[in-house]
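Q: Sequence plus the predicted model coming up.
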Amino acid sequence: MNRSAYGGPRLLLRRLREVIADPASARARLDKLVVMIAANMVAEVCSIYLLRMDGQLELFATEGLNRKHLHSIQMRSGQGLVGMVARTATPLNIANAQEHPNFLLFPELGEEIYNAFLGVPILRAGSTLGVLVIQNRAQRVYTPEEIETLEAIALVLSEAVAGNEFSQLARAGAPLAAKRPIHLNGTGFFDAIGLGHVVLHVPRVAIGQLVSADPAAELVRLEQALSDLQANIDSLLDHEDLERGEHREIMEAYRMFANDRRWAGRLREAVETGLTAEAAVEKVQSDMRARMQRAEDPYLRERLNDFDDLANRLMRQLVGDAAHRGDLPKDAIIVARNMGPAELLDYDRTKLRGLVLEEGSPTSHVSIVARALGIASVGMAANIVAQVEQGDAIIVDGSTGQVHIRPPANVEHSYAEKVRFRAKRLAHYNTLRDVEAKTKDGIAVSLFLNAGLIVDLPYLHETNADGIGLFRTELQFMVAAKFPRIAEQRALYEQVLQAADGKPVIFRSLDVGGDKILPYMRAETEENPALGWRAMRLTLDRPGLLKTQVRALLLASGDRPLHFMFPMITDISEITRGREIVRQECDFLKKHGHKIPSEIKIGAMVEVPAILWQLEELVQHVDFISVGSNDLLQFLFAADRTNTRLAGRYDPLSISPLRVLRRIAKVAGDANVPLTLCGEMASKPLEALAVLAIGYKRISIAPSAVGPVKAMLLSLDIAQASAFVDQLLARGEMQTSVREQLQNFAQQHSVALN
Ligand code: PEP
Ligand code: MG
């Protein structure tokens, strides 16, 4: 390792940090930095190039080259040797630079006398912010220690560059890449727009000390953290839940990585250069991320991702609880790889404006919760965690799936305008709160809410809906760490009934399985979970679960009426068996002196096609019917509702599903059995128009949909719409989707669609 006027790399790193923190001007600090680096590295030249937002690398500081040309020398990323380092994000070490095919001579700099060239990228969270170069006259190759030292210096510099400390020096005030806007396309989970600031769910550790006072002690800390990490993963693997399956394979791969000698070797080298263990982890992680962003092979990306996770774990071992989230800004947009629903609920709801995930799907639990919270949410935003910094400005557009990180002023303005426009619309919907939901031709429509969490309850008052048409009881189970006990279930149901204040609430029995997984319930891996052991099938096989739930509901209802429905009814026997369990539980409670509800209405969800051909019999066995259009459409179209590739492929506003829905309405109407449609379909005004036109008078929708749907129905003449849709369905031979025709109808008849 070098010895020099500054006493070796460790001391140098410390002195560099002091210079960066100095209150002197940016110019003076940069000039001092390059002098110190050159002297320490025994180099004749040291230069700093910073990457601008327009993709140009600009010379910001130099010792050894002609300083007259600072800020006027610039090259594209990829151009020349410096550009190569920026583009590949890897060090370039050559004995004779001028012979390199990529060498680009700037004669005005006086560069032609130098041969040896070492350039390293200035990286932050995997993104290139600039390039640090040293040069010598002698034709020599730099040693691995020298490369390591220069990389450590680049890490120290990266903090200042990312903090925009030198940006005011840039030519013509051009913005630097460190703060460049990024635009990502994900998948919108909830149609709202959020403007705010990034809160990283797993905060990046702010490393207090980059440079260690005692490398030997630091090495001991690193070794300890590494061995704790390995022990940790071993004990995770010993956990009995991981005996089989995918989890175990993933964790095995993890164990392999945690024991990877090259990874540990690179960490040790960084510590030996003088970095603290935390800074070493950050440095190696940043290199990995740079590779990850450039890796084309999905398998390699996946593996590098694992290393990224491991580095996060190792960092947590090192800093313990120091990675504190700090205060939540009042406009927090949570950014995470993925998270559980309960974790989202841990945040202060009043400050949440949005959620962006790298993973997730529209029906994943966390997105259901995000929807319940009414916050803008986007998933499948590739690689977002590595591209944001805590506190960055960010816009989340749940209606299109777009995410703008550090948005330029024009984008911010147009979104602010969009938000104002939406707020105006919302204010208009609020004025409809107490207006009776009656169509233009005087037909009353009941608007109910879909709900499932405590956070949904205030919407009942806010929207003045007629009740809760679908209470998804499984959400309580999904956000819990273990099976909620009867007392917990009862407490929730009591709260719901209290909030409903006499309005009806339709509780649905536990609908788990498929994509709704309870982490604490061991289940076989299924080939086709949507067609698998789920919903009513599961609860009939585990009657203990159903009995407990029924008892909790009966106790919570007291002598109030109880509405209870069963999901995924596939044949009549399932409803009769369900009914029998309710009867037995009533008898049991009566025998033990409890009150039982004044009336109990039992309903069936129609969401499995088989029951469509037994509807006439089904209506004899139930007090009401609720159509689950999400599942019904998934099964009718044989198109997995969680598969984003199929989302939008088949239109619910097509001949076949509309005929099916109309038939259900006809059979229920003839039998005088109340009917509701409670899938997401009716939450959209145009779809709601169609549903009302084919005979539905009760729909259960998302709270945010009440305003738009009410505005639509107030301007709708049902008789006219029914005649129009009947005529479309009568001659459905050529076309499938009738969306366009319905839109035209709405336009011609001034039906308010948004
Ligand atoms: C449905 O399938 O339409 C429904 C309402 O139930 P879930 O979305 O909870 O499956
Ligand atoms: Mg369903």
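A: Structure's in. What do you need? Ligands and ions are numbered 1, 2, ... in the order given.

Q: thinking residue 314 is in contact with residue 232, fair?
A: No: in this structure, residue 314 is not within contact of residue 232 by C-beta atoms under 8 Å, at 9.9 Å. All C-beta atoms are positioned from the backbone trio N, CA, C, and that covers glycine.

Q: helix, strand or coil for residue 526?
A: Of the three states, residue 526 takes coil under DSSP: H, G, I helix; E, B strand; the rest coil.

Q: so it makes contact with residue 538?
A: No: Residue 526 is beyond contact range of residue 538, at 11.4 Å (criterion: C-beta under 8 Å).

Q: Compare these two (neighbour count), which wins?
A: residue 538 (20 against 13; other C-beta atoms under 10 Å).

Q: pLDDT score for the closest residue to that one other than its chain neighbours?
A: Closest residue in space to residue 538, ignoring its immediate chain neighbours: residue 513 at 5.1 Å, by C-beta to C-beta, 6 or more residues apart in numbering. On pLDDT, residue 513 comes in at 83.

Q: residues touching residue 513, list them.
A: 523, 529, 532-535, 537-538 (C-beta atoms under 8 Å, 6 or more residues apart in numbering).

Q: Beta-bridge partners for it, please?
A: On the basis of DSSP bridges, residue 513 takes part in beta bridges with residue 516.

Q: who touches the helix or strand that contains residue 477?
A: Taking DSSP states H and E as the criterion, residue 477 maps to helix 474-479. By C-beta under 8 Å, 6+ apart, the residues outside helix 474-479 that reach it are 340-342, 345, 365, 368-369, 452-453, 483-484, 488-489, 492, 510-512, 516-518.

Q: Briefly note if stretch 666-681 comes near ligand 1.
A: Yes: remark: stretch 666-681 sits within contact range of ligand 1 at 678-679, by C-beta under 6 Å from any ligand atom.

Q: quick check: mean pLDDT across that stretch?
A: 96.

Q: ok, and for it, which residues are buried?
A: Within stretch 666-681, the residues that qualify as buried by neighbour count (16 or more other C-beta atoms under 10 Å) are 667-668, 673-681.

Q: Equivalent analysis for stretch 218-234, please.
A: 218-219, 221-222, 225-226, 229, 233.

Q: if you look at those, which of them are in helices?
A: Using DSSP state H, the subset of the buried residues of stretch 218-234 located in helices is 218-219, 221-222, 225-226, 229, 233.

Q: ok, so of the residues you listed, who is nearest ligand 2?
A: Here the nearest of these to ligand 2, counting by C-beta to the ion, is residue 233; it sits at 37.6 Å.

Q: Would you agree that closest one is in contact with residue 259?
A: No: if you go by C-beta under 8 Å, residue 233 and residue 259 don't touch, sitting 9.0 Å apart.

Q: Please enumerate the shared neighbours of these two.
A: The overlap between the contact sets of residue 233 and residue 259 (C-beta under 8 Å, 6+ apart) is empty.

Q: Are we agreed that residue 604 is in a strand?
A: Yes: under three-state DSSP, residue 604 sits within a strand.

Q: Look at residue 261 and say how many residues are nearby.
A: Residue 261 - counted by other C-beta under 10 Å - has 7 other residues nearby.

Q: Kindly provide the distance from it to ligand 2.
A: Using C-beta to the ion, to the nearest Å, one obtains 50 Å as the distance from residue 261 to ligand 2.

Q: re the thing from before, what's the lowest-pLDDT member of the buried residues of stretch 218-234?
A: residue 233 (75).

Q: And the strands in the stretch 451-600 of the chain, which stretches?
A: All strands of the stretch 451-600 of the chain, identified by DSSP state E, counting those that start in this stretch, fall at 468-472, 505-508, 562-566, 600-606.

Q: Helix, strand, or coil at residue 377?
A: When the rule is three-state DSSP, residue 377 gets the label strand.

Q: Was I right to think it contacts residue 399?
A: No: checked against C-beta under 8 Å, the pair residue 377 and residue 399 is beyond contact range at 10.9 Å.

Q: quick one: which of those two has more around it?
A: residue 377 (32 against 14).

Q: For ligand 1, what is the nearest residue in the stretch 51-200 of the chain?
A: residue 189 (14.1 Å; C-beta to the nearest ligand atom).

Q: just the stretch 301-450 of the chain next, same as before
A: For the stretch 301-450 of the chain, C-beta to the nearest ligand atom, closest residue to ligand 1: residue 450, 7.0 Å.

Q: How about the secondary structure of that residue?
A: strand.

Q: and if you look at residue 663?
A: Under three-state DSSP, residue 663 comes out as helix.

Q: can you pull the contacts of it?
A: With C-beta under 8 Å, 6+ apart, residue 663 has these contacts: 612, 615.

Q: all helices of the stretch 101-250 of the chain, in order?
A: All helices of the stretch 101-250 of the chain, identified by DSSP state H, counting those that start in this stretch, fall at 144-162, 215-238, 245-258.

Q: Rebuild those as a markdown table, extending it with distance to residue 478.
A: What follows is these, written out as a markdown table (distance: least, C-beta to C-beta, whole Å):
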| stretch | distance to residue 478 |
| --- | --- |
| helix 144-162 | 38 |
| helix 215-238 | 22 |
| helix 245-258 | 18 |
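
Q: Single out the most deeply packed of those helices.
A: Per residue and on average, the most neighbours among these fall to helix 144-162, with a mean of 22 (mean count of other C-beta atoms under 10 Å).

Q: Please state the offset of that one from the chain centre?
A: 32 Å (C-alpha atoms, centre = their mean, to the nearest Å).

Q: mind exporting that helix as PDB, just the C-alpha atoms?
A: Written as PDB, here are the backbone C-alpha positions of helix 144-162 (Å, rounded to 0.1, in the frame of the first residue of the first chain):
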ATOM      1  CA  PRO A 144      -4.900  -4.000  -7.000                       C
ATOM      2  CA  GLU A 145      -4.300  -2.100  -3.700                       C
ATOM      3  CA  GLU A 146      -4.100   1.200  -5.700                       C
ATOM      4  CA  ILE A 147      -7.400   0.400  -7.400                       C
ATOM      5  CA  GLU A 148      -9.000  -0.500  -4.100                       C
ATOM      6  CA  THR A 149      -7.800   2.800  -2.600                       C
ATOM      7  CA  LEU A 150      -9.000   4.900  -5.500                       C
ATOM      8  CA  GLU A 151     -12.400   3.100  -5.300                       C
ATOM      9  CA  ALA A 152     -12.600   3.900  -1.600                       C
ATOM     10  CA  ILE A 153     -11.800   7.600  -2.400                       C
ATOM     11  CA  ALA A 154     -14.600   7.500  -5.100                       C
ATOM     12  CA  LEU A 155     -17.000   6.300  -2.400                       C
ATOM     13  CA  VAL A 156     -16.100   9.200  -0.200                       C
ATOM     14  CA  LEU A 157     -16.600  11.600  -3.100                       C
ATOM     15  CA  SER A 158     -19.900  10.000  -4.100                       C
ATOM     16  CA  GLU A 159     -21.600  11.200  -0.900                       C
ATOM     17  CA  ALA A 160     -20.700  14.800  -1.700                       C
ATOM     18  CA  VAL A 161     -21.700  14.400  -5.400                       C
ATOM     19  CA  ALA A 162     -25.000  12.800  -4.500                       C
END
